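Participant: using only what follows, build the 3D model:
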Amino acid sequence: MQNHSFKHVIKHDLTIGIRQNAPKYIIAILACSFFCMLFFNNVSVMQQSGQVLEDGSLMDCSIFLFRGMAVYIPSQQNPFQIPIIWLIIQVLVALLVVSYPTEDLHSYGTQILTRAKNRSVWWFSKCIWNGLTTMSFYLVVFMVVFVFTIIFGKLSFLPDQLLNQLINEINLKNVDIGQLSFALLLLPMLTSIAFSQLQMTLSFILTPIYSFFIIVCIFVASAYFCMPVFIGNFSMLLRNQLVCPQGTGSIVAIIINLSVTIISIVIGYVHFSKCDILKKS
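Facilitator: Numbers count the residues shown, from 1 in each chain. Take a look at the predicted model:
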């Protein structure tokens with residue numbers, strides 16, 4: 001693997017990939033802004049009614065975005081309702097990585113493959129682009145949360161227990177703040193990276209549309225079933241063992257996320273190294 005070629009391909013992916021995704025980042029900013037406005041409006045309403053006294057914090061607003069839903073128990077009195085905010089955030093990540101790798105292969109990527117004379121350069125560059133794109137999405141989300149908290153809330157990483165019970169429907173009594181921060185700020189990102197790498201691999205084996213559809217189906221199944229095999233559970237705070245006895249522990253979630261990520265990258269590379277590039281392009 002030639003260092004110069006590898007650096008050139010990564011530079012190309014980051015430049016073109018970010019440029020193509022610019023409209024999607026704008027949509028993500030608008031969506032997260034709406035969710036933050038919804039949260040702080042709920043806080044304001046409850047303050048006016050005297051139910052809560054404190055302003056919402058960075059942690060409180062972040063919990064609102066990534067709480068997901070409690071373990072679903074099917075019954076006639078309890079119809080299934082998908083956690084819309086959580087699902088939209090996950091779908092927005094999936095939209096960021098859905099098309100660029102395959103589109104690049106159909107255009108300038110063929111020339112890069114020819115010059116690099118090494119498919120691993122091209123593939124692993126796409127994997128790095130994939131991971132950095134996913135992380136940049138979460139950076140954008142938390143920047144939006146930060147801005148709205150400065151304007152409408154208080155800059156604190158400490159959650160308000162009463163506020164979270166009433167608005168976020170989550171009991172944080174006796175929950176360690178360090179473990180909560182990890183489960184809230186890092187686990188969703190690690191889960192999204194695993195999803196994104198899996199989605200990219202599936203997009204080459206199948207098509208981008210089919211891969212996107214499969215990923216969305218896994219999101220919905222994750223909301224319905226509280227099982228580690230549906231890794232979307234790991235990005236929902238209400239499915240974490242910190243606040244849910246039936247949930248999955250953070251260590252187990254990390255191991256499974258890393259396993260899915262690595263296996264997806266390896267399977268994708270094996271498939272890509274054997275596929276007919278000219279036919280695909």
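Participant: nearest residue to Ala223 other than its sequence neighbours?
Facilitator: Counting by Cβ to Cβ, 6 or more residues apart in numbering, Ile82 is the residue found nearest to Ala223 once chain neighbours are left out, at 5.4 Å. (C-beta placed from N, C-alpha, C; glycine too.)
Participant: pLDDT below threshold where in this protein?
Facilitator: Within the chain, the stretches with pLDDT under 70 are 1-4, 107-117, 276-281.
Participant: before we move on, back to that, tell me how many other residues surround the residue nearest to Ala223.
Facilitator: 14 (other Cβ atoms under 10 Å).
Participant: make sure it is indeed in a strand.
Facilitator: No. Ile82: not assigned to a strand; according to DSSP: H, G, I helix; E, B strand; the rest coil it is coil.
Participant: for this structure, which helix extends over the most residues?
Facilitator: helix 3-48 (DSSP state H).
Participant: mind giving me the packing neighbours of it?
Facilitator: Packed against helix 3-48, as judged by 3 or more Cβ pairs under 8 Å, 6 or more residues apart in numbering; DSSP states H and E, are the following elements: helix 58-66, helix 84-97, helix 100-105, helix 108-116, helix 119-152.
Participant: list the contacts for the closest residue to Leu185 other than its chain neighbours?
Facilitator: Once flanking residues are discounted, Leu185 sits nearest to Ser62: 6.9 Å by Cβ to Cβ, 6+ apart. The contact partners of Ser62, by Cβ atoms under 8 Å, 6 or more residues apart in numbering, come to 142, 145, 184-185.
Participant: top of those by number of neighbours, please.
Facilitator: Val145 (23 neighbours).
Participant: quick revisit: determine how far the longest helix of the chain lies from the middle of the whole chain.
Facilitator: Put simply, helix 3-48 sits 11 Å off its chain's centre (Cα atoms, centre = their mean, to the nearest Å).
Participant: next one: stretch 210-223
Facilitator: Centroid displacement of stretch 210-223 relative to its chain, using Cα atoms, centre = their mean, is 13 Å.
Participant: about what we covered before: check contacts around the residue nearest to Ala223.
Facilitator: Contacts of Ile82 were listed using Cβ under 8 Å, 6+ apart, and they are 69, 220, 223.
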